[in-house]
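Asks: Got a predicted model here, sequence first, then my questions.
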Amino acid sequence: MNATNNIQNARLLGFVQVQVGPKTFALPVQAVHFERDSEAKAPAGGFFTEDEPGQYGIIVDGDASDSDMQAQILRASEEAVRHISKKFLN
């Protein structure tokens, strides 16, 4: 998924640092307004990786509540650790 090239309305919220082994990765967290065809039960968003190696980030639903955004960031951070661990520790 080439997320940053496709996202026109992203707003940078900050960075999350995840540590995998001896390396620390800073993942940008961006809030995005998602256009939905139907009412979604869970907020959209999550961890993403770019085509270039080592380019990672987190997208959260810009229309979600603060607590939902925090939950999205936590889930995406956990997914990032799993993804990066498989890549660098295997």
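Replies: Thanks, I have it.
Asks: helices and strands around the longest helix seen in the chain, which ones?
Replies: Determined from DSSP state H, the single longest helix within the chain is helix 66-89. If you count contacts as 3 or more CB pairs under 8 Å, 6 or more residues apart in numbering; DSSP states H and E, helix 66-89 packs onto strand 11-20, strand 23-32, strand 45-49, strand 56-61. All C-beta atoms are positioned from the backbone trio N, CA, C, and that covers glycine.
Asks: Can I get the second one in PDB? Just the C-alpha atoms.
Replies: Only the C-alpha atoms of strand 23-32 are listed here, as PDB (Å, rounded to 0.1, in the frame of the first residue of the first chain):
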ATOM      1  CA  LYS A  23      16.700  -0.700  16.800                       C
ATOM      2  CA  THR A  24      14.200   2.100  17.400                       C
ATOM      3  CA  PHE A  25      11.800   3.100  14.700                       C
ATOM      4  CA  ALA A  26       9.900   6.400  14.600                       C
ATOM      5  CA  LEU A  27       6.500   5.900  12.900                       C
ATOM      6  CA  PRO A  28       4.600   9.000  11.800                       C
ATOM      7  CA  VAL A  29       1.000   9.000  13.000                       C
ATOM      8  CA  GLN A  30      -1.400  10.700  10.600                       C
ATOM      9  CA  ALA A  31      -5.100  11.500  11.000                       C
ATOM     10  CA  VAL A  32      -7.200  11.100   7.900                       C
END
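Asks: Isn't residue 47 up against residue 58?
Replies: Yes: if you go by CB atoms under 8 Å, residue 47 and residue 58 touch, sitting 5.7 Å apart.
Asks: May I have the beta-bridge partners of the most centrally placed residue in the chain?
Replies: Centrality entry for the chain: nearest residue to the mean C-alpha point is residue 58, 1.4 Å, by CA atoms, centre = their mean. Assessed by DSSP bridges, residue 58 has beta-bridge partners residue 29, residue 47.
Asks: For it, list the residues it contacts.
Replies: Counting by CB atoms under 8 Å, 6 or more residues apart in numbering, residue 58 touches 16, 27-30, 45-48, 72-73, 76-77, 80.
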